[in-house]
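Asks: Please find the sequence and the predicted model below.
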Amino acid sequence: MVTAVLVALGAMILSACGGGSSRSGNSITLYSGQHVQTTQSLIAAFESKTGLTVNARYDDEAVLANQIITEGSHSPADVIFTENSPPLEYLASKGLLAPVKPPTLVRTPFRFNSPDGTWVGISARVSVMVYNTTLLRPSQLPTSAMDLAGPAWKGKLAIAGAETDFQPIVTSVARAHGTAGALTWLQGLGANAGSHNYPGNETVIDEVNRGQAAIGIVNQYYWYRYRAEIGPSNMHSAIAYFAPHDVGYVIDVSGAGILRSSGKQADAQKLVAFIESAPGQKIIAAGNSFEYPIASGVTTAKPETPFDQLQPNAISIAELGTGAQAIKLLQLAQLL
């Protein structure tokens, strides 16, 4: 995520220098922790369709959620767009999100939306193993994420403990094995990774691809982006799934919510509705984020495993919660 944040910060500076940075009557402000280029494509299409201006502020989703809490009722944000559900659930638990209109909610399957209707699911990714194809054969891969804490993977593992995408996996493990079991697992991962605990998934994939580590846990879209960036001929890694319904096989849902404090509720609802509409979802499907669109019946245009063929752990949005438990466990394991 660090690379994305650096790119995003550059985009923030450029946005601040442009003429659309002021809050005028026909503009709204979006706080986005999502993929910058895809978000910019969504914004451009929305602005063309509605005549409204969207002022985007990009940063890590956790940073943005905490910023909104600090800003309180004075937040300039009208809409927040995140990579994962826990930051949205955290804001909802603080009473900071307004209900999304029902016609928008119904475009996404209920299981991918906020349980109380205060945010809506936009897209999804899935956690996978990335492995170096020179160092490991498919037959040598573990079937469960739990195995990666074992002694066989000492010095071979790379992780991104500080990556927000990792938190849903920790929550999944904790629900299956309890807090003590999850902490033991995390401590095992930390011991096996050693110095290969990186700030973001991009670094994990790069290190595995270069053979500095044999295996890592990432979300699938980072690997596809990396391959698109460096070219298939330079790839020395592949991705593989854990066994069906394993605790490490987790769907992460990206979503959007409307700030209760926004004075532009109608326009904010329009932006969220557009992202959920078929035109918005097709932008995600065709874009270079390599995420799965999950609304309006649109499917990815990318050569990935079809979303309906994935077999993840059946953990719900409500069970993933705010991420507070995962953060505490990661801190106790000294991975965050």
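Replies: Happy to help now that I have it.
Asks: Skipping its backbone neighbours, what lies nearest Gly321 in space?
Replies: In space, and not counting its chain neighbours, Gly321 is closest to Glu89: 5.9 Å by C-beta to C-beta, 6 or more residues apart in numbering. To be clear about C-beta, it is placed using only N, CA and C from the backbone, and glycine gets the same treatment.
Asks: residues in contact with that neighbour?
Replies: Neighbour list for Glu89: Ser114, Ile317, Leu320, Gly321, Thr322, Gly323 [criterion: C-beta atoms under 8 Å, 6 or more residues apart in numbering].
Asks: try it again with 10 Å
Replies: Contacts here follow C-beta atoms under 10 Å, 6 or more residues apart in numbering; on that basis Glu89 touches 65, 82, 97, 114-116, 118-119, 255, 257, 317-318, 320-324.
Asks: Quick one: the strands in the stretch 101-250 of the chain, in order.
Replies: Per DSSP state E, counting those that start in this stretch, the stretch 101-250 of the chain carries strands over the ranges 119-132, 157-158, 215-219, 237-240.
Asks: Partner strands of the longest one, with direction?
Replies: Under the criterion DSSP bridges, strand 119-132 sits next to strand 215-219 (antiparallel), strand 237-240 (antiparallel), strand 251-259 (antiparallel), strand 292-293 (antiparallel) in its sheet.
Asks: Poorly predicted segments of this structure, please.
Replies: Low-confidence segments of the chain (pLDDT under 70): 1-25.
Asks: any idea which helix is longest in it?
Replies: In the chain, taking DSSP state H as the definition, the longest helix is helix 167-193.
Asks: which parts of that helix are buried?
Replies: By neighbour count with 16 or more other C-beta atoms under 10 Å, helix 167-193 contains the buried residues 167-175, 182-190, 192-193.
Asks: so Glu229 sits right up against Gln37, yeah?
Replies: No. The pair Glu229 and Gln37 fails to qualify as a contact (C-beta atoms under 10 Å) at a distance of 12.0 Å.
Asks: what's near enough to touch the residue nearest the centre of the chain?
Replies: Centroid-nearest residue in the chain: Glu83, 3.0 Å away (criterion: C-alpha atoms, centre = their mean). By C-beta under 10 Å, 6+ apart, the residues touching Glu83 are 1, 4, 32-35, 60-62, 122-123, 125, 163-165, 219, 221, 252-255, 289, 291.
Asks: Kindly report the same for Ile317.
Replies: With contact set as C-beta under 10 Å, 6+ apart, Ile317 has these partners: 85-86, 88-89, 110-115, 119, 121, 168, 251, 253, 255.
Asks: where's stretch 136-156 relative to the chain centroid, distance-wise?
Replies: Chain-centre distance of stretch 136-156: 24 Å, with C-alpha atoms, centre = their mean, to the nearest Å.
Asks: Using CSV, write out every CA atom in it.
Replies: Output of stretch 136-156 as CSV, limited to C-alpha atoms (Å, rounded to 0.1, in the frame of the first residue of the first chain):
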residue,chain,number,x,y,z
LEU,A,136,8.8,-23.8,-4.9
ARG,A,137,6.6,-26.2,-6.9
PRO,A,138,2.8,-26.1,-6.6
SER,A,139,3.0,-29.5,-4.9
GLN,A,140,5.1,-28.0,-2.1
LEU,A,141,2.6,-25.2,-1.2
PRO,A,142,0.7,-25.3,2.0
THR,A,143,-3.0,-25.9,2.0
SER,A,144,-3.8,-23.6,4.9
ALA,A,145,-2.5,-20.2,6.0
MET,A,146,-2.0,-21.8,9.5
ASP,A,147,0.8,-23.9,8.1
LEU,A,148,2.9,-20.8,7.3
ALA,A,149,3.6,-20.4,11.0
GLY,A,150,5.3,-23.8,11.1
PRO,A,151,9.0,-24.4,11.2
ALA,A,152,9.1,-25.5,7.6
TRP,A,153,8.7,-21.9,6.5
LYS,A,154,11.4,-20.4,8.7
GLY,A,155,13.3,-17.8,6.6
LYS,A,156,11.1,-18.4,3.5
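Asks: returning to that earlier point: now mean neighbour count and distance to Met146 too, for the strands paired with strand 119-132, in TSV please.
Replies: Listed next are those as TSV, based on neighbours: other C-beta atoms under 10 Å; distance: least, C-beta to C-beta, whole Å:
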stretch	mean neighbour count	distance to Met146
strand 215-219	26	12
strand 237-240	19	16
strand 251-259	26	18
strand 292-293	27	25
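Asks: Output those strands in JSON lines, with distance to Thr305 appended to each entry.
Replies: Below are these laid out as JSON lines (distance: least, C-beta to C-beta, whole Å):
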{"stretch": "strand 215-219", "distance to Thr305": "13"}
{"stretch": "strand 237-240", "distance to Thr305": "9"}
{"stretch": "strand 251-259", "distance to Thr305": "12"}
{"stretch": "strand 292-293", "distance to Thr305": "10"}
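Asks: picking that back up, Validate this expectation: the residue nearest to Gly321 resides in a helix.
Replies: Yes. Membership of Glu89 in a helix is supported by DSSP: H, G, I helix; E, B strand; the rest coil.
Asks: ok, now how distant is it from Val218?
Replies: Counting by C-beta to C-beta, to the nearest Å, the gap from Glu89 to Val218 is 23 Å.
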